[in-house]
Structure formats: structure tokens, C-alpha cells
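# I would like to see how this sequence folds:
(chains A and B)
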Amino acid sequence: MDEIATQKLAMTIKIMKRPVLLVALSVLIFLSALAVKIIISGRASTYGDWLGKIEEETEKYKTENMIIKEELLTLTSLEQIASKAAELGFAETKSQIVFSKSLPLARLDSAKQAFKR
Amino acid sequence: MILRYRLVLSLLLFCFLCIIARLFYWQVAKADELSLLGQEQYGRIIQVLPERGEIKTADGFSIASNKITYTLFANPKIVEDKGEVSARIAKILEIEQASISAQLSLDRFWVPISRNIDSKKKSEIEKYNLSGVGFEKNYSRLYPEASMAAHLMGIVGKDDAGRDVGYFGLEGFYDRLLRGKEGKATLVQDATGRPILAEMQEKGSKGEQGESLVLSIDRTIQFIAERRLADAVEKYGAASGMVGVINPKNGEILAMATAPSFDPEKFGKHEESAFVNQFVSSLYEPGSTFKPLIMSSGLEEKVVEPKTRCDNCDGPVEVGGYSLHTWNDKYQPNITMTDVIRYSDNTGMVYVAQKLGLDRMISYITGFGIGKTTGIDLQGEATGVVRPKEEWYEVDLATAAFGQGISITPIQLLQAFTAIANNGKMMQPRVVSGVETRDGKVVKVPPKVVGKPISEKTSKVMTEMLVNAINLGEAKWARLKGYRIAGKTGTASIPVAGHYDPTKTIASFIGFAPADDPKFVMLVIINKPTTSIYGAETAAPVFFDIARGILAYYNIAPTKSE
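You can find the predicted model right below:
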């Protein structure tokens, strides 16, 4: 009888050890996950500063781009170019020279004569 | 024993249920309220300002763009030394110190000090590190070409809520497209005010930048037209002037100018009437520039031919109790239709109108688009009324033939002439050739044929008559040698209180070049010139001056030397 009781007790202890292992494993996983979360949250909490700086830089460049674009448009406007041209002494021409047929710049026999001389 | 156990258990259970119920109340029932409270505590609503779409000419140059300006504001409750702050700001901005002091003395958390401050002045103010003073970024309109095409573009003002709204011209017509949509973002901050994350409250509140317009306007032609027009208005002592240039093949407006113009950045200095684009909004009696439309109608109906002779043109014509004269009281018996156009003979035009008859006359007038809007994409287009047949008297038929007693807008006449220049096909005028979406793609607007009032053959015959009018008519002294240009002068009397003013006219010229393959149709109107009342002596030289510039710009050489 004692032997049977002892065997029963050993079986009971063996069965009870499995859930304990599972529980211990669960607790371990939970604690690891918690640790990872704490580490990541800690790092992410400082991203706001970094994000803020990036946003400031972006805004700064956007503003600079707009100012440069404004200057570029003003300088390349026809009003500005015409005004500058007038300052530099350019005058508008009313007459045009039209080449209705092609004209030679130099003729071969003239060049030969010039060479002989 | 068991009873006590059960009692304690029930009590514990009840306490748990109460806790759960309370948790449910705070976490589910009051979730939204608490969430909002939390956001207000830690978050800030940012308005995402949309940038207004640009307006670009055909070469891609932005004639209406955006620049960054700032509104300087202050929190009077935080500003320490109000005297010093107002003195410093007044000196930099060159405004009265008293106005700043008045704002700072108000019992508010936010007061505006000055608007439309540029970046340079902002930097100067920021150097002083004034407490309680800040800047709000805004966008305002930039016009790099100053007043170029000002009437065409319109202005950007404010509505009652202080938002940008376009008025008149393109800014008004395309306001919804250009303005974009404001967005809102919630910025979550930490205790020091630095952002933790930025998120959108809901889908669709990101805001949208405005879309841009690509115009058919050629900046060079616009520049030439505006310069010549401004010079002409001054030279001829005129009240105002207008020029419109259109591509007859697709209806694209190449230039549209009105003088005097205005600076769209300083529109506050002008009366509202100054912003109206007279080229599309004003009605006038076109005078002799209307004759080609009636003559075309007569040719199309075969009631006259170029060589048809008028058997009633040896003197003034009596119609309905009125005596109708030529503009110079000179008459040519048996004048041909070609010479009717050449000499701008009113009696010859009466002959054509009488041959046509009232029904056909009205049909062709409406067929040429008179009496209805052209549909041009500009705000404020007007249209005259073509009276129903029952309201026409015999004299009305006669006077309409030479462009008096009928009111049209300049854009209607320009559109009608595209039929003569484009083989009979009349094109709808438009200013926008494409819309540039936010991702940079340009969606083209296709050309539209709105009618074919005359045949190709009639348009060719009419073109030859108009070329003849230029070469041999009153404006021959101003024509460009070596080019075949078709055109017609106009000198219209102005109706005043039931009669026509003999001293004031609307001088005009309409034409197209090169006649055989027209690249442009142009209408020039000089309103009430004082040096000379005639179109041949005022509007015609302006037309040829601008045409010279356009032909050179297009590299179109003269066909023969003269």
C-alpha cells in the first residue's frame, strides 16, 4: 500500500512540474517583452527632438527655396530684362534685315587670289 | 461556515463588479471625451496652409506665383517693456509707433501688429529677441512681371473669413482649382514642447495644394502688345485701349492687353471698375470692323460676289426716313463689293444687307456668335442682345450692316474673325491651355470648334478682299511691306443720350497674318482718341507695329521685297 501511495505521489509531483515549467517560461517571455518595450519606448521618446529638428530644417529649406524662386522669377522677367537692356543702352530696332537667299561668306577663287598675293 | 464563505465571496465579487463597471464607464463610455482632453493637454492643432496654384504662361514662366510673408503678432500679456518693443518694431517696419502701442495696450492674448512682412524684416526683428512677439507664416501672391496681363489674371483678395479668394479674370474663374484645401494636423508634444509625433486627425484633412494653370498666353507677344498699346494710348490722347491676339486654328489667346492697367499686388489703391477686363466685359458698336462678317454672309448666300456692282451707291441712301452716308461723304457709282470693303463704303454695305434680307442677316449674325457668350474661361464675360426679328426696323437692318446700332464685345468679334481666318471654322477662345496637377502632370484642354458660319471658299474670297483693303485702302500707308496681311479698319461713333457724338469715336482695326496661313488674328481698339478719330490713323498703325513684332518673333520673313 505504501509503495502504491509513494508511486502516486511521485506521479503527482511529476504532473505538477509541467505547469510550473510553462508558467515559468511564460513569465520569462513576458519579462523579456516588457524589457524590449521599455528599451524601444525609451529610445523613441527622444525621436521627438530629432523629428522637431528635421521639421525645422525642412521648413527652413522650403522657405529658402521660395525666396530664391521669388528672386529668380523677378530677375528673369521680361520687365526686368527690358529695364536692364535700356540701362545698358540697348535700343529697339524697328527695321529688320532679311536674307531671302543664302549668301556666301567667302568665295574660293577670291581666297586663291589672296593666297597668291 | 459555508454560508460565511459564500457571503464573503459574494461581497468580493460585488466589489470586483463595481470596479469593472467603473472601468467600463471611464474607458468606454467616456473614452472620446478623455481622449480629447488628453490631446488638448499635450497636443496642438496645426493648420496646414495650402499654397495657391500658380499661373504660368505658355513658356512655363510663372506670372502669378506665391511668396512667403509674415504676420507679426504679439501677446500683450507677456510683452514686458511695451514702449521699447513698439519703438524697435516701428523703426524696422517704418510704421507709426502709436499704432503698435495701441495694439499692445489691448487686453488680449493675441493682437496683430503688421501683415505682409518679408523675410528680411522678419530677421531684423528676430535679432532683438523680443518676448511676447511672434510671426505667422502666410503666402501672398507674387507677380514677377508686375502689371503684365493684370486684367486677364484678376486679383486675389480676402473673403469674410480672411481666406484668399480670387476675383475677376482667371483668379476668379478658376478660384476653386487654384485655392487648394486647408488641412489640420494634431501635433503631440512632450512637456518641453518638442513634438513626439504628428498625426492626422482624420482621413482627408491633410489639405491639398492648389493646382496650377498653364496659359496659352505667349509672354513675348503679351509684352509687345502691352508696350505698343500703352504708347499708343498716350500718343493718340485716348481714354483707353485694348488688344486681343488669338490663334485662329485652335482659339488660344496669345495676348490680351488693356491700357491703362494696374498693379495686381496693390489692387487696394484702385476702384473696383479698374479690374474689369473690358475686352470680355464691355459692349461697343464695332463700326466698319463688322462689315467683313456681313459681306461674308452675302458671299456665302451668293446674293453678291466680289465683282457685283452696287446700283444704288452714287449718293446717300434713304432708309426708313433716315439718310445714310459714307464716312467721308464720297461716293462711287457702281462700286464693286471688293471696293466696298476697300473704301469702307456704308452705302455698299446697305446694298448687301438689303440683298440678304432680315431673316438671313439675323441668322448669320447669330451664326457668327454675336448675341451669346463665347464661353471664354474668364470671369465677367458680357454679351449684347440680338433683338428678335419683330423688333427690327428697316433702318436697323441697314445700320447693322456697317456695325452701328448693334452691340458686341471685342472677344465676340475676335472669335467671329477666326472663321474667316480658319477656312470657315469658328474656334472657341480660351486662355488656359492646360491644368498642372499637384504631381506635375499637365492635363491639356482641347480646342473646340463652335460653328462653321461660312464655307472655306467664302473665307478665302473674303480674305482676298481684306488683303486688297490693306494694300489699297485708307490704312495702306501703315502696312508692313512684303507681307500679305488681311484686315479692316473701323471708326465707330459712340451713342450718347439717343444720338451719336460727332467728336468721339472708337477707333479699331482687326486683321490676321500671314493671310495665306494665318498665325494670329488681332483686334486693336483705341477708345476716344483725340489726335485723330479714325481707325486708319490710330488703331491701324498700332496693329502693324505689333504685327511686325509678332512676325519677327515667329521668324516669318516677308514674301517679297518692295
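
# for the top helix by length along chain B, what is the average pLDDT?
Longest helix of chain B, by residue count under DSSP state H: helix B:2-24. In this model, helix B:2-24 has an average pLDDT of 91.

# The residue nearest to residue B:431 when sequence neighbours are not counted in helix, strand or coil?
Distance criterion Cβ to Cβ, 6 or more residues apart in numbering or on different chains; nearest residue to residue B:431, sequence neighbours excluded, is residue B:253 at 4.9 Å. For glycine as for every other residue, the C-beta is placed from the backbone atoms N, C-alpha and C. Secondary structure state of residue B:253, per DSSP: H, G, I helix; E, B strand; the rest coil, is strand.

# give me the low-pLDDT residue ranges for the chain?
Let's take chain A. Judged by pLDDT under 70, chain A has its weakly predicted residues at A:1, A:15-18, A:94, A:100, A:102-103, A:105-117.

# right idea, wrong chain: chain B
Using pLDDT under 70, the flagged stretches of chain B are B:1, B:39-48, B:185-206, B:560-562.

# Now it against chain A: closest residue?
Nearest to chain A, among the residues of chain B, is residue B:144, at 3.8 Å (Cβ to the nearest Cβ).

# Run through the helices of chain A in chain order.
So, for chain A - with DSSP H - the helices run A:2-44, A:47-75, A:78-87, A:108-116.

# and these as JSON lines, adding distance to chain B and mean neighbour count?
As requested, the helices of chain A are exported to JSON lines (distance: least, Cβ to the nearest Cβ, whole Å; neighbours: other Cβ atoms under 10 Å in any protein chain shown):
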{"stretch": "helix A:2-44", "distance to chain B": "8", "mean neighbour count": "10"}
{"stretch": "helix A:47-75", "distance to chain B": "4", "mean neighbour count": "13"}
{"stretch": "helix A:78-87", "distance to chain B": "5", "mean neighbour count": "13"}
{"stretch": "helix A:108-116", "distance to chain B": "27", "mean neighbour count": "9"}
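
# Just send the ones you listed back as JSON lines, with distance to residue B:95 too.
Below are these laid out as JSON lines (distance: least, Cβ to Cβ, whole Å):
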{"stretch": "helix A:2-44", "distance to residue B:95": "47"}
{"stretch": "helix A:47-75", "distance to residue B:95": "23"}
{"stretch": "helix A:78-87", "distance to residue B:95": "28"}
{"stretch": "helix A:108-116", "distance to residue B:95": "74"}
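
# Nearest to residue B:168 among the ones you listed would be which one?
Of all the helices of chain A, helix A:78-87 sits nearest to residue B:168, with 21.4 Å by Cβ to Cβ.

# relative to helix A:47-75, how tilted is that closest one?
Counting by axes from the mean of the first three to the mean of the last three Cα atoms, to 10 degrees, helix A:78-87 lies at 50 degrees to helix A:47-75.

# Spell out the secondary structure type for residue B:114.
Classification of residue B:114 by three-state DSSP places it in strand.

# Could you tell me the phi and psi values at the nearest residue to it once chain neighbours are set aside?
Excluding the flanking residues, the one nearest residue B:114 by Cβ to Cβ, 6+ apart is residue B:72, at 4.8 Å. For residue B:72, the backbone dihedrals are phi -90, psi 120 (criterion: degrees, to the nearest 10).

# Contacts only, for residue B:72.
B:89, B:93, B:112, B:113, B:114, B:115, B:117, B:122, B:125, B:133, B:134, B:135 (Cβ atoms under 8 Å, 6 or more residues apart in numbering or on different chains).

# Same check on residue B:476?
So residue B:476 contacts residue B:470 (Cβ under 8 Å, 6+ apart).

# From residue A:29, how far out is it?
When distance is defined by Cβ to Cβ, to the nearest Å, residue B:476 is 101 Å away from residue A:29.

# Over to residue B:113?
On the measure of Cβ to Cβ, residue B:113 and residue A:29 end up 61 Å apart.

# Ok, residue B:171 next?
Taking Cβ to Cβ, one finds residue B:171 at 64 Å from residue A:29.

# cool, and residue B:517?
On the measure of Cβ to Cβ, residue B:517 and residue A:29 end up 84 Å apart.

# Could you do residue A:95 as well?
Residue A:95 is 93 Å from residue A:29, by Cβ to Cβ.

# So what's the residue count around the residue of chain B closest to chain A?
23 (other Cβ atoms under 10 Å in any protein chain shown).

# Surely it is in a helix?
No - assigned with three-state DSSP, residue B:144 falls outside any helix and is coil.

# Could you find the closest non-adjacent residue to it?
Closest to residue B:144 by Cβ to Cβ, 6+ apart is residue A:73, at 3.8 Å.

# pretty sure the one you found contacts residue B:65?
Yes - look at residue A:73 against residue B:65 with Cβ atoms under 8 Å: they come within range, at 6.0 Å.

# which neighbours do those two share?
With Cβ under 8 Å, 6+ apart, residue A:73 and residue B:65 have common neighbours B:142, B:144.

# measure stretch B:328-338 end to end?
18 Å (Cα to Cα, to the nearest Å).

# mind listing what's buried in it?
Using 16 or more other Cβ atoms under 10 Å in any protein chain shown as the test for burial, stretch B:328-338 gives B:331, B:332, B:335, B:336, B:337, B:338.
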